[in-house]
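K.L.:
any chance you can model this:
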Amino acid sequence: RQCDYSSCGAMPLSGPVNFTLTILYSGLIAGLCDGICQGFEMQVKKKAIAETKTRDEDDLQDAASVSSSLQMVNEEQKYNWPRTLRYVVCPGFMAGVAAYIEIILVLGQSTKNDWGTVLLKTLIDLVLYYPILIAGGFTTNMLLDCKDWTYIKAKFKNDFLHTWKAAAIMWAPVDIILFKWVPVQWQVYVVKTMDIIALLGFSYFLNKHPLTELHFSHGSDGDSSRHRHKDDDAMSEESNDKAE
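P.N.:
All right, here's what the predicted structure looks like:
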């Protein structure tokens, strides 16, 4: 007889082995996603460098300056392993722990899949789980990257809401399908698989400097001073005109 998990009382697979596997799987996916994101960012930068190389060489006054500029560009194109390791720890391992606690130990204790329960679980995900996970991911990752609190506050002010909206748009329909039709004992693994898409987006939002527009910018160490808001550029140009 085929068993309906909602009526047979099938419970999620809890325990230390499943807990460890969930965390390791989450960390692996996080590392993979940041690697893909960095590769895409480097391709975008290479294209931009190729388009501006001739202009930059004309603006520079001597060959030594040209050589120094190109050397700095090559250094920026190197793969940032510390960034990936930070991303594996947070949100990777952190998301694995959070998903295990929420899906298996909390929401998974109810095997009902009626629409009322499904919508309630989805609402809990959207208003509690994701804001907490995003806030924790932002704070922990940037502290590991030695960012100061001024930077972290600016990050929350400019990017937290955008990140949460993107998560809500993606995860609301996924949660409805998950809680309605996926057996409880498999839900955490489905979530971690969908994280391949979610963590790609989160890697972008996390490593985007808070004062830049919504385009790709590499989150490497020490790059914050090289990213400025377009309004800052306009103010700088206006100041130079007055000085002249």
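
K.L.:
in the protein, which helix or strand is least confident?
P.N.:
Among the helices and strands of the chain, helix 5-8 carries the lowest confidence by mean pLDDT, DSSP states H and E, at a mean of 44.

K.L.:
can you get me a residue count around Tyr79?
P.N.:
Around Tyr79 there are 11 other residues, counting by other CB atoms under 10 Å. Where you see a C-beta, it was placed from the backbone N, CA and C, and this is true even at glycine.

K.L.:
equivalent analysis for Lys157, please.
P.N.:
Lys157 is flanked by 10 other residues according to other CB under 10 Å.

K.L.:
what bits of this structure have low per-residue confidence?
P.N.:
Counting by pLDDT under 70, the chain shows low-confidence ranges at 1-14, 50-77, 211-244.

K.L.:
out of all of them, which helix in it is the longest?
P.N.:
Once the chain is assigned using DSSP state H, the helix that runs over the most residues is helix 16-59.

K.L.:
distance between the ends of stretch 144-151?
P.N.:
13 Å (CA to CA, to the nearest Å).

K.L.:
can you pull the buried residues of it?
P.N.:
Neighbour-count burial for stretch 144-151 flags 145, 147, 151 (criterion: 16 or more other CB atoms under 10 Å).

K.L.:
with stretch 187-194 instead?
P.N.:
Of all the residues in stretch 187-194, those buried under the rule 16+ other CB under 10 Å are 187-189, 191-192, 194.

K.L.:
list of residues touching that stretch?
P.N.:
For stretch 187-194, contacts defined as CB atoms under 8 Å, 6 or more residues apart in numbering pick out 12, 22, 25-26, 29, 96, 99-100, 103-104, 108, 171, 174, 178-179, 182.

K.L.:
which one of those residues is nearest Leu199?
P.N.:
Proximity of the contacts of stretch 187-194 to Leu199 (CB to CB) peaks at Ile29, which lies at 6.3 Å.

K.L.:
now that closest one. Nearest residue, chain neighbours left out?
P.N.:
Asp195 (5.3 Å; CB to CB, 6 or more residues apart in numbering).
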